[in-house]
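Q: Need a 3D model of the following:
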Amino acid sequence: MVDADGETLRQQLERSRRLGFLGPGPVDEHIGQSRALAEVIRDLGHGGGTGALLDLGSGGGIPGLVLIDELRWSRVVLLDRSERRCDFLRSAVSGLGVGSAAADAGKREAVTVVCGAAERAARDPGLRERFDVVVSRGFGPPATTAECAVGFLRPGGHLLVTDPPGGREWDANGLAVVGMELVSSSSDRPAWSLMVRVGDLRPDLPRPEGRSRRRPLF
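A: Below is the predicted model:
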């Protein structure tokens with residue numbers, strides 16, 4: 001992606017690296033792995049211009065910024081609790097020529113940055129049960145990630161999580177507690193797990209900030 005000022009996705013992610021927001025490994029490797037996640041989402045039938053995506057703990061912009069570049073969405077939210085990372089994300093969204101103003105002009109999808117704890121954001125009526133896909137990379141342990149993500153998902157919506165190298169076991173009984181089921185997974189690079197929201201959303205989920213880490217449900 002290149003905007004009128006010549007700023008590219010790679011340049012924005014290099015800036016993220018300099019700021020300390022992006023993990024080890026070449027930027028092109030991060031982009032390639034995020035593109036692999038885009039293929040998983042395409043296979044679900046999302047990303048054709050009508051779905052809504054939320055990047056949970058967007059941090060340095062991986063995979064969210066790449067998924068904006070690779071797929072078409074009616075709405076994208078990049079969510080992070082750090083003001084510094086949110087400042088970077090807002091700058092990157094503006095520099096890449098995406099965002100609410102661009103969407104209003106009919107150029108691209110509506111992309112917004114939300115700064116705050118996921119537990120609180122998932123109680124916002126404008127965000128709760130509003131998304132077809134939630135993606136997560138390095139947000140937290142499985143129980144924390146699932147509990148925080150489920151509040152954003154519509155019934156039948158999918159959670160796509162990047163797992164450690166070699167893959168990770170997700171507790172089926174634990175996922176059922178938060179109203180999710182494992183659909184598929186891969187131990188390739190990148191390793192990932194795909195969950196779907198089933199049934200009604202428990203009104204107490206997610207629990208208040210920090211509870212899912214201190215007292216995980218599974």
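
Q: just so I have it, where are all the helices in the protein?
A: 9-18, 27-43, 64-70, 83-95, 100-104, 118-121, 142-150, 172-177, 211-214 (DSSP state H).

Q: just the CA coordinates of the fourth one, formatted as CSV?
A: Only the C-alpha atoms of helix 83-95 are listed here, as CSV (Å, rounded to 0.1, in the frame of the first residue of the first chain):
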residue,chain,number,x,y,z
GLU,A,83,-1.5,5.5,24.6
ARG,A,84,2.0,5.4,23.0
ARG,A,85,1.0,2.4,20.8
CYS,A,86,-2.3,4.0,20.0
ASP,A,87,-0.6,7.2,18.9
PHE,A,88,1.5,5.2,16.5
LEU,A,89,-1.5,3.4,15.2
ARG,A,90,-3.4,6.6,14.5
SER,A,91,-0.3,8.0,12.7
ALA,A,92,0.1,4.9,10.7
VAL,A,93,-3.6,4.8,9.7
SER,A,94,-3.4,8.4,8.6
GLY,A,95,-0.1,7.9,6.8
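
Q: picking up where we left off before, and the helices of the chain, which is most packed in?
A: With neighbours defined as mean count of other C-beta atoms under 10 Å, those peak in mean count at helix 142-150, which reaches a mean of 25. Heads up, the C-betas are built off the backbone N, CA and C, glycines and all.

Q: Outside of that helix itself, list whatever touches it.
A: 56, 118-119, 122, 134, 136, 139-140, 159, 161, 168, 170-171, 174-175, 178-180, 195, 197, 201, 205-207, 212-213, 216-218 (C-beta atoms under 8 Å, 6 or more residues apart in numbering).

Q: burial of residue 203, as a residue count?
A: 6 (other C-beta atoms under 10 Å).

Q: Tell me the confidence at it?
A: What the model reports as pLDDT for residue 203 is 98.

Q: what's the answer for residue 82, then?
A: 98.

Q: ok, it - how many residues close by?
A: Using other C-beta under 10 Å, residue 82 is surrounded by 15 other residues.
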